[in-house]
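1. below are the sequence and a predicted model for it; my questions follow.
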Amino acid sequence: MKYGTFKMVSAIAIVAANGALAESHVTPEAEVLHYWTSGGEAKSVAVLQEEFAENGGTWTDMPVAGGGGDAAGTALRARVLSGNAPTAAQIKGPSIQEWYQEGVLADISDVAEENNWSELLPASIASHMKCDGTWCAVPVNVHRVDWIWANTEILAANDIEMPTTWEEFNAAADTLQAAGIIPLAHGGQAWQDATVFETVVLGLGGPEFYQQALVDLDPEALGSDTMVAVFDQMRTLRGYVDDNFSGRDWNLATAMVMNGEAAFQIMGDWAKGEFLAAGQEPGVDFTCASTPGDGFLYNVDSFAMFEVDGEAKQAGQELLAELVMGPSFQEVFNMNKGSIPARTDVALDGFDSCAQTSASDMASTSDGGSLLPSYAHGMALFGAQAGAITDVVTAHFNSDMSSEDAVQMLTDAVANSM
Ligand code: BGC
């Protein structure tokens, strides 16, 4: 029986009454704010909803559509400011710390300690989940951001191999364009522009440059010739997207690759969740490869629990935290979602070849020092700094701004955001 022991414990809330401990039976409740609304995402979050119900909980779903979570972030802020925080919300990276500093997060250290999270998680992931030494969030997965997805048939028909340098990418895209095929499926939303940008920073500048520019915000790196070359490549990529790219959702861009309307998409491995949900197979219908260059950009989804009143909601938070870190959830959810488990002890035998690549690259980049947090997905910077960079990236991508002007704007914007 899955989580049988926990079921008994969580359904019995221990409350202090007149100094003595008394038991009261409650149904765990959770209102969960998340932004998993695409086909692959919805299939993944359903796994958690089912496990929550199987363990006696009542789940109230609060999905907020919008890839990358910007709209969900706005909805969460409104709820918390009005004194009506959800039980749990999908937040991650430094923004967990920002919420903690506002004094609104619940402490889930009891669950973490009882279940040995420290031993089950890599130190880098655990550090994102801790606030002043207490556990303030529970990790769901590790998504890799620096991926290119391709339509296998289009590549074969045009005699194209997966590119291993940006020059090769451009050459392949030129060939495809000449053949009347859209080279790059892209959705013109700021976070998607930022996603592509950070893979180009990593690929052209290398892991050390990425760290200096997008994690340490070193003005020299931000204002360098390398950054000029990055914006040049962004301008080249702009030439490979179709005329209708503006505002398109990321999953619709993935669908263009699936349907053979476009050859490539540069997107994190939640895109794989879409291919899989549509019944497509890696290596057969679609191909995955890391974007050109070394390194690994990680993006860890997690849930933080908010301070809420009432035993039922608190029991819900405990149940949710325990289930999310449970081995069965980490396996099934991540197979659907395109990511790999955050726990290190889940066997990857049943996972596909892209996930196997992700896990082995994560291990080798971690040893080699090139495992880096994604800025575009909220793992590297506080919101204000990340937003300042993304504004420039988007302004450049959607205009004829020169690379030199973009670099100047970037250094100014980052300086003003500090
Ligand atoms: C999240 C993924 C999500 C994607 C698209 C990323 O920032 O980490 O879980 O699928 O955005 O919404």
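-> Great, that's in hand.
2. what's the helix or strand containing T394 packed up against?
-> Using DSSP states H and E, the element containing T394 is helix 383-397. Contact analysis of helix 383-397 by 3 or more CB pairs under 8 Å, 6 or more residues apart in numbering; DSSP states H and E lists helix 94-101, helix 190-200, helix 225-238, helix 403-417 as its packing neighbours. For glycine as for every other residue, the C-beta is placed from the backbone atoms N, C-alpha and C.
3. what stretches of this protein score poorly on pLDDT?
-> 1-24 (pLDDT under 70).
4. pick out the residue closest to the middle of it.
-> Nearest residue to the geometric centre of the chain (CA atoms, centre = their mean): N299, 4.3 Å.
5. tally of neighbours for G247?
-> The burial metric for G247, expressed as a neighbour count using other CB atoms under 10 Å, is 9.
6. re the thing from before, winner for burial among the helices and strands packed on helix 383-397?
-> helix 190-200 (a mean of 25; mean count of other CB atoms under 10 Å).
7. now do the contacts for whichever residue of the stretch 51-200 of the chain sits closest to the ligand.
-> Closest residue of the stretch 51-200 of the chain to the ligand, CB to the nearest ligand atom: G67 (3.7 Å). With contacts defined as CB atoms under 8 Å, 6 or more residues apart in numbering, the neighbours of G67 are Y35, S38, G187, Q189, W191, Q192, D249, W250, N251.
8. can you check F286 too?
-> Taking CB under 8 Å, 6+ apart as the test, what F286 contacts is W149, A150, N151, T152, V257, M258, F275, Q280.
9. can you pick the most crowded of the residues you listed?
-> Taking other CB under 10 Å to define a neighbour, the member of the contacts of F286 with the most is V257, carrying 29 neighbours.
10. how near is that one to the ligand?
-> As for V257, its distance to the ligand is 16 Å (criterion: CB to the nearest ligand atom, to the nearest Å).
11. switch to numbering from 57
-> Sounds good: first residue 57 from here, last item V313.
12. dihedrals phi and psi, that residue?
-> When read as degrees, to the nearest 10, the backbone of V313 gives phi -70, psi -40.
13. G351 now?
-> phi 100, psi 180.
14. and it, what does it touch?
-> Residues counted as contacts of G351 (CB under 8 Å, 6+ apart) are D202, L258, G262, P263, Y266, T421, S426, L427, L428.
15. how about the residues you listed, which pair is most distant?
-> Across the contacts of G351, the longest distance by CB to CB is 13.8 Å; it joins G262 and L427.
16. neighbour-wise, which of the two wins?
-> With other CB under 10 Å as the criterion, G262 and L427 differ in neighbour count, and L427 comes out ahead with 20 against 16.
17. enumerate the residues of the stretch 357-474 of the chain near the ligand.
-> Contact residues, the stretch 357-474 of the chain versus the ligand (CB under 6 Å from any ligand atom): D357, H433.
18. I'd say F253 and T450 touch.
-> No. Counting by CB atoms under 8 Å, F253 stays clear of T450, with 9.1 Å between them.
19. distance check, the residue in the stretch 257-406 of the chain that the ligand sits nearest to against A98.
-> For the stretch 257-406 of the chain, the residue positioned closest to the ligand under CB to the nearest ligand atom is W326, at a distance of 3.4 Å. The span separating W326 from A98 equals 12 Å under the rule CB to CB, to the nearest Å.
20. all good on my end, thank you.
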